[in-house]
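1. heads up, no residue letters with this:
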């Protein structure tokens, strides 16, 4: 599925098979201030968690039945998040000084290394 990141400067997207993974990635990219919309269904998946001073852990648990920290700590979630971050694309040329695409690639690399280290440690 393709998800739009609610960035006011540039239209940009991520792809994920699981909406929760896309929302988690967008939370990291925008520090909780970007929304997430499923492009295929036009459904708003998550509003800005921190824009009105919300608590991400409680909000996440309310919508997903599992804590945010618990969700992102799962090895299978880490791989999915790395893939999601790696899928980042701008709709056009970046105009913002804020380089979300670079940050997404850095997150993808970092999370992939963590997932690989966890997999190696468990064998």
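-> Received the coordinates, thanks. In this text the structure is predicted, and so the values were computed from the model without any measurement.

2. how far does stretch 85-105 sit from the chain's center?
-> 13 Å (CA atoms, centre = their mean, to the nearest Å).

3. Tell me the buried residues in it?
-> Buried residues in stretch 85-105, counting neighbours by 16 or more other CB atoms under 10 Å, are found at 85, 86, 87, 88, 90, 100, 101, 104. Quick note: C-beta positions are derived from backbone N, CA and C, even for glycine.

4. In helices, which of those appear?
-> Using DSSP state H, the members of the buried residues of stretch 85-105 that fall in helices are 85, 86, 100, 101, 104.

5. quick one: contacts for the spatially most central residue of the chain?
-> Ranked by distance to the mean C-alpha position of the chain (CA atoms, centre = their mean), the top residue is residue 25 at 1.0 Å. With contacts defined as CB atoms under 8 Å, 6 or more residues apart in numbering, the neighbours of residue 25 are 14, 16, 81, 84, 85, 104, 107.

6. what mean pLDDT does whichever strand or helix holds it have?
-> For residue 25, the host element (DSSP states H and E) is helix 19-30. The average pLDDT for helix 19-30 rounds to 89.

7. Kindly report the same for stretch 61-70.
-> pLDDT averaged over stretch 61-70 gives 80.

8. what about it, how long is it end to end?
-> Length of stretch 61-70, first residue to last, CA to CA, to the nearest Å: 10 Å.

9. switch to numbering from 3
-> Shifting the count to begin at 3 puts that one at stretch 63-72.

10. What residues of it count as buried?
-> Neighbour-count burial for stretch 63-72 flags 63, 66, 70 (criterion: 16+ other CB under 10 Å).

11. Can I get the residues you listed in CSV including distance to residue 76 and secondary structure?
-> What follows is the buried residues of stretch 63-72, written out as CSV (distance: CB to CB, whole Å; DSSP: H, G, I helix; E, B strand; the rest coil):
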residue, distance to residue 76, secondary structure
63, 15, helix
66, 12, helix
70, 11, helix
